[in-house]
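Peer 1: need a structure here:
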Amino acid sequence: MAQDSEDLVSDYQFWLQKLSVWEQASSKETQQDTCLYLSRFQEFLRRMYEILKEMGLLSYVLSAFRFDMKEVGLFTKSLGFEPIDYYPSLLKNMVLSLVSELRESHLNGLNTQSRMAPEHIMSLSQVCVPLVTLPDFEPLVEALLTYHGHEPQEVLSPEFFEAANEAFLSKKIILSTSSVVSLWFRHFPSLEKATLHLFEKLFSSKRNCLRGMECCIKESLLPQAACHPAIFRIVDEMFRSVLLETDGAPEVLAALQVFTLCLAEALEKENKQLKFALKTYFPYGAPSLTAALSQHPEAIPQGHRLQPLLHISQLLREAIEDSTHGSQRGPFESWFLFVHFGGWVDLAMEQLLRKEAEPPAGLLWLLVFYYSPQDGSQQRERSMVALKELLNRLLMLLGSGPLSAVDLQEAAESPSPPICAQLVRCLLLSLLLWTPEGHASAREAITRMVHTDAAAHEIVGFLDQTLFRSDHLCDEASRKLARELLQELQAQV
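Peer 2: Predicted coordinates for the structure are as follows:
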């Protein structure tokens, strides 16, 4: 290592002379010489930068702990090392020593004599604020984030949490899941910023498919963190705000439902269902309703899906009717709980398209409530009557020979009173995709439905959702048709 230092000093003298020559002459020979040596000069500058960076860092860290760089230099020279050679090892050993001390302090618990003082940990976290993106400091950042003392107050500085969160979100540092969860649990402003960061990624493109949303959500680590109810409640409140601000935009509903699926998967992986009651995740919903909705719809056999759907419809209806005499918050809370679990809506649509049975009133109510939650009870009853008439006409067309796109369009435009246009479109699309009779006229019928960009995006969303949940909704022929239609429409919008 001493030899390296001597080489650097020698190189330094060499380049000083070279620079002096280059500066004083501008001949052709000088230009050629510059070109010849330029790459070597760049390498020399890179080496100088690395050494100076190590000395900036050490001086900063040591001064925070009241050490003197001159004393360190004298000590290392007495060992036969040049300071320039010892800096990298000293920095690495210092980080490892601090990590060990933090872990021992964490394990010592209430043994105050063997623990780091809270003010020392606070000082250490402040020292690390400008250093969190440096690879050498990753172990120390991790150790600080996962350190849990027994002090009543937080022992890490808010600036440290903010710096670590920003570095993680911008992918300038790699942190373990446990340290990220600890960061968000201990500093809610960082959690809020992480959630907003996820929203920006999810909603920045209208063509963000559900598989893409799923990857983005899992990569964010928010579902894993949301296994803790306190974190889930904050993320869920932010979803609620976006839903209200966008008046229930389909892409926001889709993102919420995908996030809920990712959370359920994380809960199963962590086996935390027994640790926290569902009431702690959804405090405003009736426990019986929450328990019914949290079942996996796709796990229910084909012939046994009607009964749980009717049970959910009854529980929702009871919750809304009970709330009409009290707070107006109730109907929205019931709807907000319901929309987390969108798979039940798909199953309700599937059951209504079964030709062998009269459409159950409970399923009609469930769909009308999902698509028009703001309606009062009388308006909802009228919509149920109109939806039943439309459904009967569609099923009659389905059983009377080849489907005509014109007949389907006329049937969809005839309900009186009018039904929510989105519900009508979803019913038509379901019939076209999920029934063998609808496949032949699907292209023509969908072309007639695409009047505006908004309608086109809505249909693209429906097709994407069908493929996302297709394993338990439709057969391979329906999936193939949905993929083809989705590709054709995406090329147009």
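Peer 1: from now on I want contacts and neighbour counts done on CA atoms only, so please keep to that.
Peer 2: Fine.
Peer 1: tell me which residue is most central in this structure.
Peer 2: By Cα atoms, centre = their mean, the chain has its centre lying nearest to residue 217, at 2.8 Å.
Peer 1: with adjacent residues omitted, what lies nearest to it?
Peer 2: The shortest distance from residue 217 to any residue other than its chain neighbours is 6.6 Å, reached at residue 259 (Cα to Cα, 6 or more residues apart in numbering).
Peer 1: and that neighbour, how far from residue 117?
Peer 2: Residue 259 sits 40 Å away from residue 117, going by Cα to Cα, to the nearest Å.
Peer 1: so residue 175 makes contact with residue 142?
Peer 2: Yes - at 6.8 Å, residue 175 counts as touching residue 142 under the criterion of Cα atoms under 8 Å.
Peer 1: circling back: residue 259 and residue 117: which has the busier surroundings?
Peer 2: Under the criterion of other Cα atoms under 10 Å, the comparison of residue 259 against residue 117 puts residue 259 first, with 22 against 15.
Peer 1: quick one: buried residues of the host helix or strand of the more buried one?
Peer 2: Counting by DSSP states H and E, the element that carries residue 259 is helix 250-270. Residues of helix 250-270 classed as buried by neighbour count (16 or more other Cα atoms under 10 Å): 250-264, 266-267.
Peer 1: ok, stretch 435-454 next?
Peer 2: Buried residues in stretch 435-454, counted by 16+ other Cα under 10 Å: 435, 437-443, 445-446, 449.
Peer 1: can you map out the helices along the stretch 301-450 of the chain?
Peer 2: Assignment of helices within the stretch 301-450 of the chain using DSSP state H, counting those that start in this stretch yields the ranges 306-323, 329-339, 343-352, 361-371, 377-398, 405-413, 421-434, 442-449.
Peer 1: hmm, who's touching the shortest one?
Peer 2: It refers to helix 442-449. By Cα atoms under 8 Å, 6 or more residues apart in numbering, the residues outside helix 442-449 that reach it are 405-406, 408-409, 425, 429, 432-433, 455, 485.
Peer 1: next: stretch 152-161.
Peer 2: Among residues not part of stretch 152-161, those counted as contacts by Cα under 8 Å, 6+ apart are 118-119, 121-122, 125-126, 128-129, 144, 149, 183, 186-187, 190.
Peer 1: please put the alpha-carbon coordinates of that stretch into PDB.
Peer 2: The C-alpha trace of stretch 152-161 is given here as PDB (Å, rounded to 0.1, in the frame of the first residue of the first chain):
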ATOM      1  CA  PRO A 152     -40.300   6.500  24.700                       C
ATOM      2  CA  GLN A 153     -39.200   9.000  22.000                       C
ATOM      3  CA  GLU A 154     -37.800   8.200  18.500                       C
ATOM      4  CA  VAL A 155     -34.000   8.100  18.600                       C
ATOM      5  CA  LEU A 156     -33.400   8.600  14.900                       C
ATOM      6  CA  SER A 157     -33.600  12.100  13.300                       C
ATOM      7  CA  PRO A 158     -36.400  12.900  10.800                       C
ATOM      8  CA  GLU A 159     -33.800  14.000   8.300                       C
ATOM      9  CA  PHE A 160     -32.300  10.600   8.300                       C
ATOM     10  CA  PHE A 161     -35.600   8.900   7.600                       C
END
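Peer 1: what is the helix or strand containing residue 242 packed up against?
Peer 2: According to DSSP H and E, residue 242 maps onto helix 229-245. Other helices and strands packing on helix 229-245, by 3 or more Cα pairs under 8 Å, 6 or more residues apart in numbering; DSSP states H and E, are helix 177-186, helix 188-203, helix 250-270, helix 278-281.
Peer 1: mind giving me the packing neighbours of the helix holding residue 259?
Peer 2: Counting contacts by 3+ Cα pairs under 8 Å, 6+ apart, helix 250-270 is packed against helix 188-203, helix 210-220, helix 222-225, helix 229-245, helix 453-468.
Peer 1: run the last query once more with 10 Å
Peer 2: The contact analysis (3 or more Cα pairs under 10 Å, 6 or more residues apart in numbering; DSSP states H and E) places helix 250-270 against helix 188-203, helix 210-220, helix 222-225, helix 229-245, helix 329-339, helix 453-468.
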